[in-house]
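Visitor: Sequence first, predicted coordinates after that:
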Amino acid sequence: MDPIQEKDDRGRPYPQYNGDSAMPVREISGTESPEVGPSVRTPEPMEADTFVFEAAWEVVNKVGGIYTVIKTKTEQTVIECGENYVLLGPYVDDTAKLQFEEQALPNDDHPFLAEAITAMRKRGVGVHYGRWLIDGAPKVVLFEVNSVLDELPSWRHDLWEKCKIGCPESDADAQNAVLFGYLISWFLGEYTARSDGHQRVVAHFHEWLSGVGLILTRMRNIKAATIFTTHATLLGRYLCADPAIDFYNHMSDFNPDKEAADRGIYHRYCIERAAAYATHVFTAVSQITADEAEHLLKRRPEVVTPNGLNSYHFAALHEFQTMHADAKKKIEKFIIGHFHGFLDFDLDKTLYIFTAGRYEFRNKGCDLFIESLARLNHMLKETHPDVTVVAFIIMPAPTNSYNVGTLAGQASTKRHQDTVAEIKSKVGDKIWDAISRGKMPKAEDLLDSADRVKLKRCIYSSQPKSLPPVVTHNMVEDPKEPDAVLANLRRCELYNRRSDRVKVIFHPEFLNPSSPLLPMEYEEFVRGCHLGVFPSYYEPWGYTPAECTVMGVCSITSNLSGFGCFIEQQVANPVGCGIHVIDRRFKSPEESVGQLTDYMYSYCNLSRRQRVNLRNRVERVSDLLGWSSLTVYYQIARQLALKKAYKHLKGSMHKTAKVREGLVQPVPVVRKSRDRFDIERLSLSTDEVPQNQLDME
């Protein structure tokens, strides 16, 4: 079923992998690290005879953060590459039905593409061609992985014979990676066999799930410039999840082969490491991930390609303040129901903070967050008893139903609202009847005895029988291993008592607009909050604080996240722009908790005017995170790959690329002296805030 000849253009057999290591033999041409020097200049526009393929398991298939990267980046890439850009991914029926529009093959516009797809279909492969229904509407080719399931045994054997990379039958993800990789390589072979001499081809692969395709493309000597992007190393994520390991201070001490084998992921690690070595250009999404890759994958990335977002600038600043006010009202509606009978705090002096992400308790910094909340609770009790903080923890975890107490509170609130609405209508009729007769209505005549009884029933039914729940669902807990979030909330005694100034709500489910509890989209919820807290221990990039920035919401991140490192490099005074980066790399956990607590406490001390000023400043930083600024590093990676694969090319790199130790990095755009966080400085008497914005905060 393999249409590619198993010898290179000189008639030699393809180089084999050393069976004792995941490292491919460096005889593969073009795998040496490029000599990047000061001579690199501004990149030239993508030429018409260059065709770009981008392969990832998350093309039209939402699994994790890579889906967001590709989906948001695509519009800008289409602008740069035009119709010479095609995404390659798996055909997953559930998502394809909603996001994919199948089209006829482009026999006239792109005959090589149409012929390659036709050739594979004739061999029984399910291949779909069409458009991804997102901004930019890129062309996509989706492969039905199950259509070649019969080939899995022979392809697994072939991968072992050529690369000495095994694929256990028990690992479904690895088997999908083999099938997907062989299909990609087959497709690229069919395409380049027809386009050779007419087009230059760039093949960009994301993460280990597409890595087999890159390895085969290089070993079969398919004429394509290859790029491999790691968004997070497999082994790094496993090592950081172990609380007994100080990962970042001992990266150089690990034996990657042994550590991967001990954790049962050696075959996956081999795919990832071989792809990193075989590619023409290796990239990582952040500086900290590049350091990690250098130690664990034994090759330093040539380019840092930061993740961006599609940011939208409002015509007037008050527009996003209005969106904040509208979203905050929905959150307050939920709060009134959740704290039914315990609503003895002023909602006008209540701040909403949150953390969100995958349920990786230590990696996401949830342990620091809860400990800091406990300390913040004590500090507010002593100094600001009139200020209340409601902290949300949005992390999906196993549940079996909604919490009865949570549902009961929302139901009681709804009944009371209906009762009040009914009485309000009657009172309005009585007032209208009185003034239509030319009389001034008397207060004692507006409520009759029946209405007073209804209102008293509402008040009496609000008497609390238990404390407001700290979790909105019934958790599926293992008695031998209690849920980490709940266990730490109990340890810190955060029970939502009346005296607590910090209230906690653990929502173990992604937000959904159809939820009976908190019917909101995640984006809308973020806009309604005041502060996002993400003190991650392991975060190769960190989309959650980046999303806060784009939406004008202040955030806390760490210098162990790619986003935190990026902000420290790009912005001279992040705190003054509403982004605080706590130090988790060079400080002890106790010191990091102290930093986090102090910043949250300082934020609670801000006046309404100061918070509005910070929101305005945060929104201005979003320019740094737009794909219109950041796709230049993908352009640089493509040009480097083309130079290595097509030796005769003369190209250049973008002027905003900085070369340091052979690594292309973003250049800082704002560098001034760093100022300490200062409440008085944030009063910003020179920044006038209209009264309507103050009313919205």
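Guide: It's in.

Visitor: ok, the residue lying closest to Ala327 once chain neighbours are set aside - contacts?
Guide: Spatial nearest neighbour of Ala327, excluding adjacent residues (C-beta to C-beta, 6 or more residues apart in numbering): Gly528 at 3.0 Å. (C-beta placed from N, C-alpha, C; glycine too.) By C-beta atoms under 8 Å, 6 or more residues apart in numbering, the contact list for Gly528 reads His324, Asp326, Ala327, Lys328, Lys329, Lys330, Ile331, Tyr352, Met520.

Visitor: Just the element for Ile227, please.
Guide: strand 225-230 (DSSP states H and E).

Visitor: my bad, should have said Thr77
Guide: Here Thr77 is assigned to helix 65-81, by DSSP H and E.

Visitor: ok, now Tyr191?
Guide: Tyr191 is part of helix 172-195 when elements are defined by DSSP H and E.

Visitor: any idea how far the nearest residue to Asp583 once chain neighbours are set aside is from Leu149?
Guide: The shortest distance from Asp583 to any non-neighbouring residue, by C-beta to C-beta, 6+ apart, is to Asn559 (5.6 Å). Separation of Asn559 from Leu149 (C-beta to C-beta, to the nearest Å) stands at 45 Å.

Visitor: And for Thr279, the neighbour number?
Guide: Neighbourhood size, Thr279 [other C-beta atoms under 10 Å]: 30.

Visitor: What sits closest to it if chain neighbours are left out?
Guide: Nearest one to Thr279, counting by C-beta to C-beta, 6+ apart, is Phe228 at 3.8 Å.

Visitor: quick one, what contacts that neighbour?
Guide: Counted by C-beta under 8 Å, 6+ apart, Phe228 has contacts Phe205, Gly211, Leu214, Ala275, Ala276, Ala278, Thr279, Val281, Phe282, Thr283.

Visitor: could you point out which element follows the helix or strand the last one falls within?
Guide: Following DSSP H and E, one finds Thr283 within strand 281-284. Downstream of strand 281-284, the next assigned helix or strand under DSSP H and E is helix 287-296.

Visitor: can you give me the helices in the stretch 401-550 of the chain?
Guide: For the stretch 401-550 of the chain, the helices defined by DSSP state H, counting those that start in this stretch occupy 404-436, 443-446, 449-461, 484-491, 522-528, 543-550.

Visitor: right, so those helices: which one is the most enclosed?
Guide: helix 543-550 (a mean of 25; mean count of other C-beta atoms under 10 Å).

Visitor: Please report how far Asp135 lies from Val502.
Guide: For Asp135, the distance to Val502 equals 40 Å [C-beta to C-beta].

Visitor: Tell me which residue lies nearest the centroid of the chain.
Guide: Tyr543 (3.6 Å; C-alpha atoms, centre = their mean).

Visitor: Pull the contacting residues for Gly562.
Guide: Val285, Ser286, Gln287, Ile288, Thr289, Pro306, Asn307, Glu539, Pro540, Trp541, Gly542.

Visitor: let's see it at 10 Å
Guide: For Gly562, the contact set (C-beta atoms under 10 Å, 6 or more residues apart in numbering) comprises 231-232, 284-290, 304, 306-307, 536, 539-543, 546.

Visitor: returning to what we had before: quick check, distance from the helix holding Tyr191 to the centre of its chain.
Guide: Relative to the mean C-alpha coordinate of its chain, helix 172-195 is positioned 27 Å out (C-alpha atoms, centre = their mean, to the nearest Å).

Visitor: which parts of that helix are buried?
Guide: 174-195 (16 or more other C-beta atoms under 10 Å).

Visitor: what's the following helix or strand after that helix?
Guide: Sequence-wise, the next helix or strand downstream of helix 172-195 (DSSP H and E) is strand 200-206.

Visitor: name the helices or strands packed onto that following strand?
Guide: strand 50-55, helix 65-81, strand 85-90, helix 172-195, helix 211-219, strand 225-230, strand 281-284, helix 632-645 (3 or more C-beta pairs under 10 Å, 6 or more residues apart in numbering; DSSP states H and E).

Visitor: Let's see it as CSV, backbone CA atoms only.
Guide: What follows is strand 200-206, C-alpha atoms only, in CSV (Å, rounded to 0.1, in the frame of the first residue of the first chain):
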residue,chain,number,x,y,z
ARG,A,200,8.6,24.0,-3.3
VAL,A,201,6.7,22.3,-0.4
VAL,A,202,6.8,23.1,3.3
ALA,A,203,5.4,20.5,5.7
HIS,A,204,4.7,21.7,9.2
PHE,A,205,4.0,19.1,11.9
HIS,A,206,2.6,19.8,15.4
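
Visitor: got the angle for it vs helix 172-195?
Guide: Counting by axes from the mean of the first three to the mean of the last three C-alpha atoms, to 10 degrees, strand 200-206 points 170 degrees away from the direction of helix 172-195.

Visitor: and the direction of strand 200-206 versus that of helix 632-645, what angle?
Guide: 120 degrees.

Visitor: Partner strands of strand 200-206, with direction?
Guide: Each strand paired with strand 200-206, and its direction, by DSSP bridges: strand 50-55 (parallel), strand 225-230 (parallel).

Visitor: nearest to Thr74, of these?
Guide: strand 50-55 (8.6 Å; C-beta to C-beta).

Visitor: what angle do the closest one and helix 65-81 make?
Guide: Using the same axes, to 10 degrees: strand 50-55 against helix 65-81 is 170 degrees.

Visitor: For the closest residue to Pro138 other than its chain neighbours, give me its contacts.
Guide: In this structure, Pro138 finds its nearest non-sequential neighbour in Thr74, 4.9 Å apart by C-beta to C-beta, 6+ apart. Contacts for Thr74 (C-beta under 10 Å, 6+ apart) come out as 54, 59, 85, 87, 132, 134-138, 140, 310, 627.

Visitor: How about Arg457?
Guide: Counting by C-beta under 10 Å, 6+ apart, Arg457 has contacts Arg415, His416, Thr419.

Visitor: Nearest to Gly428, out of those: which one, please.
Guide: Taking C-beta to C-beta as the measure, Gly428 sits nearest to Thr419 out of those, at 15.0 Å.

Visitor: so Val526 sits right up against Cys548, yeah?
Guide: Yes - under the criterion of C-beta atoms under 10 Å, Val526 makes contact with Cys548 at 6.1 Å.

Visitor: so which of the helices of the stretch 401-550 of the chain comes closest to Glu360?
Guide: So among the helices of the stretch 401-550 of the chain, helix 484-491 is nearest, using C-beta to C-beta, at 9.8 Å.

Visitor: Can you find the helix or strand in the chain with the smallest mean pLDDT?
Guide: strand 657-660 (a mean of 45; mean pLDDT, DSSP states H and E).

Visitor: Could you list the low-confidence segments of the stretch 401-550 of the chain?
Guide: Along the stretch 401-550 of the chain, the model assigns pLDDT under 70 to no residue.

Visitor: should've said the stretch 1-150 of the chain
Guide: 1-48.
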